[in-house]
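Trainee: Got a predicted structure plus its sequence, pasted below:
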Amino acid sequence: MSASAKTAPSGYSGIQIGLHWIVFLVIVAQYVLHDAISEAWRAVRRGEEFGFDPVVASHVFGGILILALALWRIALRVKRGAPKPPEHEPAILKLAAGATHLGLYALLILMPVSGIAAWFGNIEAAAEGHEVMRLILLALVALHIAGALYQRFVLKTDVMTRMVKPAA
């Protein structure tokens with residue numbers, strides 16, 4: 001039975017919560033490791049050779065890990081579903097939350113794919129797209145965090161709690 005045909009869960013599972021926070025931490029690491037991969041990319045584009053760099057490798061494998069975890073998260077969401085937004089929430093906030101989540105999931109797939117295409121395929125357009133998406137991802141993460149804080153401190157809902165405490 002699909003997630004849309006059954007009742008939405010009251011919260012996220014422990015696995016969904018764990019994957020959320022692991023992906024967040026790996027994304028933070030990707031931003032920290034960005035300078036090394038950028039310099040390595042520029043060297044590749046200039047035709048220079050360089051030795052193994054564990055920081056560059058960490059960024060590459062971190063992106064592959066994000067892709068795998070994002071696909072797992074999406075599979076869990078399809079199978080288990082996700083809690084509905086608070087019933088009394090204004091429609092515009094529900095729309096904004098849905099669009100933000102869709103954008104985040106799309107970028108969690110498109111960014112690693114573009115990074116893989118750039119790094120292993122030496123495709124300049126993929127690298128340029130990756131850079132643009134990096135800024136969009138940063139904006140969406142900031143919006144996601146602002147939305148969660150708004151829910152918690154202005155609307156006083158339990159939306160943030162759902163991503164910390166697993167549903168029974």
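Mentor: Nice, I can see it. Being a predicted model, the structure only gives us computed values, none of them experimental.
Trainee: Checking residue 139 next. Helix, strand or coil?
Mentor: The three-state assignment at residue 139 reads helix, by DSSP: H, G, I helix; E, B strand; the rest coil.
Trainee: Tell me the spacing between it and residue 84.
Mentor: If you measure residue 139 against residue 84 using CB to CB, to the nearest Å, the figure is 25 Å. (Each C-beta comes from the backbone N, C-alpha and C, glycine too.)
Trainee: And for residue 122?
Mentor: When CB to CB is the yardstick, residue 122 and residue 84 sit 45 Å from each other.
Trainee: swap in residue 64?
Mentor: The value you get for residue 64 to residue 84, if CB to CB is used, is 33 Å.
Trainee: which ones are touching the residue most central in space within the chain?
Mentor: Among the residues of the chain, the one closest to the centroid is residue 108, at 4.3 Å (CA atoms, centre = their mean). For residue 108, the residues meeting the contact criterion (CB atoms under 8 Å, 6 or more residues apart in numbering) are 23, 66-67, 69-70, 73.
Trainee: so how many other residues sit close to residue 139?
Mentor: Neighbour count of residue 139, defined by other CB atoms under 10 Å: 11.
Trainee: Now do the nearest residue to residue 152 once chain neighbours are set aside: how many residues are near it, please.
Mentor: In this structure, residue 152 finds its nearest non-sequential neighbour in residue 160, 4.6 Å apart by CB to CB, 6 or more residues apart in numbering. Around residue 160 sit 15 other residues, with neighbours defined as other CB under 10 Å.
Trainee: same thing with residue 11?
Mentor: Based on other CB under 10 Å, the number of other residues close to residue 11 is 19.
Trainee: Name the nearest residue to it, ignoring sequence neighbours.
Mentor: With sequence-adjacent residues excluded and distances taken as CB to CB, 6+ apart, residue 11 is closest to residue 167, at 3.0 Å.
Trainee: how near is that neighbour to residue 99?
Mentor: 24 Å.
Trainee: Same check on residue 129?
Mentor: Note on residue 129: its distance to residue 99, by CB to CB, is 20 Å.
Trainee: No further queries at this time; thank you.
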